[in-house]
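Visitor: below are the sequence and a predicted model for it; my questions follow.
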Amino acid sequence: MRDTKNNHSHILIVEDSPTQAEILRRILAKEGYDVTIAKNGSEGLTLVREIKPSLVISDIRMPEISGCEMCRKIKDDLELKDIPVILLSVLSEQEEIIKGLHSSADYYITKPYNEEYLLLRIKTILSGHKLLDIENREKYLKINISGKEYKIKPDSEQILNFLFSLYETSIHHNNELQKRNEQLSREISARKLAEKELYLNSLYKEVINTLLTTALKDTSLEEQLETALNRLITIPFLSTIPRAAIFLSEEKKAVLTMRATVGIPKIIEKGCNQISFGKCMCGETAISGTIKFSGRVDSKFPRHCDCIGPHGHFVVPITSSGRTLGILLLFLKPGHKGEEREQEFLKTVAKTMAIMIERKKVEEETKKMQIKMLSTSKMATLGEIATGVAHEINQPLTYISSFLQGLREDIKNNDWDIEDINKQLNVSLQQTDRIVKVIQHLKTFGRDNDVVKEPVNLETVLNNTLILMNERIRLKNIELKIHIHQDLMNIQGNMNQLEQVFINLFQNAIDSLHEKRKDHKISIDIRPDESASNVVIKIEDNGLGIKPEYMDKIFEPFFTTKEVGKGTGLGLSIVYGIIDSHKGSIRCSSKENEGALFTIQLPAGGI
C-alpha cells in the first residue's frame, strides 16, 4: 500500500552502482515516494535542474562528478540551494568529512545503512523540521587537510545538522555494534558449546572404538583390560589420577578379584586383591549394580590408604543380562564434580567392557570344545590307522624274531658267522629304531598338548604324518607323489595340530580311493605363493570326488557321507578349525568321479 502523505515527495537517487540504486529505489517506492535514478554526479545535476526533487540522496564516490562536487553546485545555485541533500558515506577518513562540510550537504548517513533509520531520517527532512533557525553568514572558514585547503561556510544550521546527523549515526551504529557484539557473543558461546559437544562425542566414539578394537585382538583378557585402563586414565574431562583397576566377580564366592591395574601401589594390590560383595564402595557397587561416586576420599573415609593421599572415585559396575561381571575403579583428583554426562559415558564404557569379557569367556569355552573335539578326532584317527600302524610295527618284529630264531639254531649247532651276525644285528637295531619311532610318535600325536605356536617346517610335519600313514598307503597300492619347494619358508604354528590336518586329509583321500579298482593316486605339493608371504599346500586325489550338493557342507561338524560307524563327521571340520586358528584358509574343488583338490594357504614366517 502506498503512503498517501508521500505522494508529492519526489526523491532523486544519485548512485553509480545499479544494484545499490535498485535496492534504495525499492525501499523508497514501497513507502510511496516517487523515485528517479541518476547514474553519476553529472547526470544527477542535470536531473536536479529538470525535476527539482524534494530530496537528493547521493553516493559520495562516483566517476565524472563526485557526490560532494554535485552537492556544492546545488548549494551554490540560488534556485536549487534549498533542496536538501543527504550524502551516503562510510565517513572513514577525516578529509571525506571535511569535503562533506565543504559541499554544504545537509545530512550524512553511513553505509551500510539501516532501512528503518534511513526512512526515519528522510521523513524528518521532508517534514521541514529544522534544528535551529539562524541567519547565515557570508564569511568562510579555511581548513587545511593533507595539504589541501577547504572553504567552509559557517552556516550554523548546516553544521549543527551535520554534527547532529553524525552524532545520531554514531549512536545508531554504536547500538547496532552492541547488538552485533551481543549476538556474536551468543554465537561464540553456542559455537563453543557445539565444539565441546562435537569434541566429546568424537572422544567418546574414539574410546569405544579403541575398546572394541582391543576386544578383537588375539591377546589375553588381562592385556585387553589393561589397554582399556590406559586409555581411560588419559581422558581429560574425567580429571583422573593415572591410577585405575578392574575387578572381575566370582559369583559363587561373592567376591571381586583384581584382574587388571594401572598405577596401583603394591600395598593396595595386596590389600584389595579380593573384595567381598557389600564391602566398601567396590563391593557395594557389585551388589547394587549402580555407579558410585565420591569427590573426596581421605583419612576419614573407610578403608582409606594413606599411601596415595586424598582423591576421588568413580566405581562403575560392569554388567550383562542382570549379572555383575565386575567393576571399573577410577581414581580422580580430589574435589572433582561428577557430572551426569560423565556417568553416562562410563556406563557405555562398562557395557563395552562387558562385551570384551563375555567374548573372552565364549572364546575360552570354544577353545575347550575345540580341544575336546580335536581329542575325539585324534582317538578316531588312531582307531582308523591302527591296522596300518600294527602292520608297520609287525614287519620289523617279524624280521627280528626270524633273526633271533636263526641265531639260536646257529648257537645250538655251534655254527655261526660273526660277520653275518653283526650285519643282521645292525639291521635288527634299525628295525627296533623303526618301532620305537612309530610308538613314540603315536604317543606324541595322541597326547593333549597345550596349543603353543612356534616356527614349524611343513616338510617335517609331512614326514611325521607319513610315519603313521605310509603303511596304510602302501597296503592300498596308492601311488604317492610329493613335491616340496626347495626354498620353503617356516610358518608359525602348532606341529601337532598341523599333523592332524595332514592325517585327516590323507584319510579322506584314501577312503575316496578305496572303491576304485586301479590307478590310485595321491599327490601333495607345498610351495610359497607368488608374493612369498604365504605357503600353499595342495593335496589331490583321483578318487570318487564330492557331489556338488555336498560342497557347501563338507566343513560342517558331524557331516559325513560315509556309512554309519565308519566316520565321525569331525575330520574336515577339525581341519577347518585348525587352519582358521592359524590365520589361514582352506578351500576344496572337486568333480564327481574325478577326484578332489584341497588347497590350504598359511601365512609364512609368523601370525
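Guide: All right, it came through fine.

Visitor: where do the helices sit along the stretch 301-450 of the chain?
Guide: Counting by DSSP state H, counting those that start in this stretch, one finds helices in the stretch 301-450 of the chain at the ranges 340-412, 418-446.

Visitor: for the stretch 201-350 of the chain, give me the ranges with low pLDDT.
Guide: Scanning the stretch 201-350 of the chain for pLDDT under 70 picks out 298-308.

Visitor: just the strands in it please.
Guide: For the stretch 201-350 of the chain, the strands defined by DSSP state E, counting those that start in this stretch occupy 240-250, 255-262, 274-276, 292-297, 311-320, 323-332.

Visitor: what of the stretch 1-150 of the chain?
Guide: Per DSSP E, counting those that start in this stretch, the stretch 1-150 of the chain carries strands over the ranges 10-14, 34-38, 55-59, 85-89, 107-110, 141-145, 148-152.

Visitor: for the strands of the stretch 201-350 of the chain, give me TSV that also has distance to V456 and mean neighbour count.
Guide: C-beta: built from backbone N, CA, C; applies to glycine. Formatted as TSV, those follow (distance: least, Cβ to Cβ, whole Å; neighbours: other Cβ atoms under 10 Å):
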stretch	distance to V456	mean neighbour count
strand 240-250	35	20
strand 255-262	32	20
strand 274-276	41	16
strand 292-297	51	18
strand 311-320	38	22
strand 323-332	37	23
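
Visitor: out of the ones you listed, which comes closest to Q497?
Guide: For the strands of the stretch 201-350 of the chain, proximity to Q497 was assessed by Cβ to Cβ; strand 255-262 is nearest, at 29.0 Å.

Visitor: thought L212 was touching R359?
Guide: No - contact criterion Cβ atoms under 8 Å: L212 and R359 do not qualify, at 9.9 Å.

Visitor: which of the helices of the stretch 301-450 of the chain comes out lowest on mean pLDDT?
Guide: Out of the helices of the stretch 301-450 of the chain, helix 418-446 stands lowest, with a mean of 68 (criterion: mean pLDDT).

Visitor: OK, contacts around I275?
Guide: Residues in contact with I275, defined by Cβ atoms under 8 Å, 6 or more residues apart in numbering, are 247, 255-256, 282-283, 286.

Visitor: to I546, which of the strands of the stretch 201-350 of the chain lies closest?
Guide: strand 311-320 (42.2 Å).

Visitor: next, the angle from the closest one to strand 323-332.
Guide: Angle between the axes of strand 311-320 and strand 323-332 is 160 degrees (criterion: axes from the mean of the first three to the mean of the last three Cα atoms, to 10 degrees).

Visitor: what's strand 311-320 packed up against?
Guide: Packing contacts for strand 311-320, counted by 3 or more Cβ pairs under 8 Å, 6 or more residues apart in numbering; DSSP states H and E, involve strand 240-250, helix 280-288, strand 292-297, strand 323-332, helix 340-412.

Visitor: Three-state assignment for the closest residue to N464 other than its chain neighbours, please.
Guide: In space, and not counting its chain neighbours, N464 is closest to E499: 5.4 Å by Cβ to Cβ, 6 or more residues apart in numbering. Three-state call for E499 (DSSP: H, G, I helix; E, B strand; the rest coil): helix.

Visitor: number of nearby residues for E499?
Guide: Using other Cβ atoms under 10 Å, E499 has 24 neighbouring residues.

Visitor: from what I see, it and N463 are in contact.
Guide: No - in this structure, E499 is not within contact of N463 by Cβ under 8 Å, at 9.9 Å.

Visitor: who's the residue lying closest to V316 once chain neighbours are set aside bridged to?
Guide: Among residues not flanking V316 along the chain, L328 sits closest, at 4.2 Å (Cβ to Cβ, 6+ apart). Per DSSP bridges, the residues bridged to L328 are I246, V316.

Visitor: out of the contacts of I275, which two sit at the greatest distance?
Guide: Across those (Cβ to Cβ), the longest gap, 10.6 Å, separates V255 and C282.

Visitor: what about the strands in the stretch 451-600 of the chain?
Guide: Along the stretch 451-600 of the chain, counting by DSSP E, counting those that start in this stretch, strands occupy 454-456, 479-484, 491-493, 521-528, 534-541, 585-591, 595-603.

Visitor: please tell me how far the residue nearest to V316 sits from F247.
Guide: According to Cβ to Cβ, to the nearest Å, L328 and F247 sit 8 Å apart.

Visitor: quick revisit: just name the most buried of the helices and strands packed on strand 311-320.
Guide: strand 323-332 (a mean of 23; mean count of other Cβ atoms under 10 Å).

Visitor: possible to save the strands of the stretch 201-350 of the chain as CSV with distance to K423?
Guide: As requested, those are exported to CSV (distance: least, Cβ to Cβ, whole Å):
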stretch, distance to K423
strand 240-250, 68
strand 255-262, 66
strand 274-276, 70
strand 292-297, 85
strand 311-320, 73
strand 323-332, 71
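
Visitor: and D420, which of the ones you listed is closest to it?
Guide: Judged by Cβ to Cβ, the one of these that comes nearest to D420 is strand 255-262, at 70.5 Å.

Visitor: need the CA coordinates for that closest one. PDB is fine.
Guide: Provided in PDB are the C-alpha atoms of strand 255-262 (Å, rounded to 0.1, in the frame of the first residue of the first chain):
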ATOM      1  CA  VAL A 255      33.900 -61.800  45.800                       C
ATOM      2  CA  LEU A 256      35.700 -59.400  43.400                       C
ATOM      3  CA  THR A 257      39.200 -60.300  42.300                       C
ATOM      4  CA  MET A 258      41.600 -57.700  40.900                       C
ATOM      5  CA  ARG A 259      42.500 -58.700  37.300                       C
ATOM      6  CA  ALA A 260      44.000 -55.500  35.800                       C
ATOM      7  CA  THR A 261      45.600 -52.400  37.200                       C
ATOM      8  CA  VAL A 262      47.400 -49.200  36.100                       C
END
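
Visitor: adjacent strands (with direction) for that strand?
Guide: Here strand 255-262 is paired, per DSSP bridges, with strand 240-250 (antiparallel), strand 274-276 (antiparallel).

Visitor: any chance of the ones you listed in CSV, plus distance to P455?
Guide: Putting the strands paired with strand 255-262 into CSV (distance: least, Cβ to Cβ, whole Å) gives the following:
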stretch, distance to P455
strand 240-250, 34
strand 274-276, 40
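
Visitor: which among those is found nearest to S428?
Guide: For S428, the closest of these is strand 240-250, at 59.8 Å, according to Cβ to Cβ.

Visitor: now that closest one and helix 280-288, what's the angle there?
Guide: Using the same axes, to 10 degrees, strand 240-250 lies at 50 degrees relative to helix 280-288.

Visitor: centre of the chain to strand 240-250, how far?
Guide: Averaged C-alpha coordinates place strand 240-250 at 25 Å from its chain's average position (Cα atoms, centre = their mean, to the nearest Å).

Visitor: all further residue positions should be reported with the first residue as 424.
Guide: Sounds good: first residue 424 from here, last item strand 663-673.

Visitor: can you dump the C-alpha atoms of that strand in PDB for me?
Guide: Only the C-alpha atoms of strand 663-673 are listed here, as PDB (Å, rounded to 0.1, in the frame of the first residue of the first chain):
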ATOM      1  CA  THR A 663      41.600 -38.800  36.600                       C
ATOM      2  CA  ILE A 664      44.700 -39.500  38.500                       C
ATOM      3  CA  PRO A 665      46.700 -42.000  36.400                       C
ATOM      4  CA  ARG A 666      45.500 -44.900  38.600                       C
ATOM      5  CA  ALA A 667      42.800 -47.400  37.900                       C
ATOM      6  CA  ALA A 668      41.700 -51.000  38.400                       C
ATOM      7  CA  ILE A 669      39.300 -53.600  37.100                       C
ATOM      8  CA  PHE A 670      37.900 -56.300  39.300                       C
ATOM      9  CA  LEU A 671      36.000 -59.400  38.000                       C
ATOM     10  CA  SER A 672      33.400 -61.100  40.100                       C
ATOM     11  CA  GLU A 673      33.400 -64.700  41.200                       C
END
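
Visitor: what lies in contact with that strand?
Guide: With Cβ under 8 Å, 6+ apart as the test, strand 663-673 has contacts from 648, 651-652, 655-657, 678-687, 695, 698, 700, 705, 709, 731, 734, 741, 747-756, 776, 780.

Visitor: now swap in stretch 435-444 and tell me
Guide: 447-448, 451, 458-464, 466-467, 470-471, 474, 476, 478-482, 485-486, 490, 493, 511.
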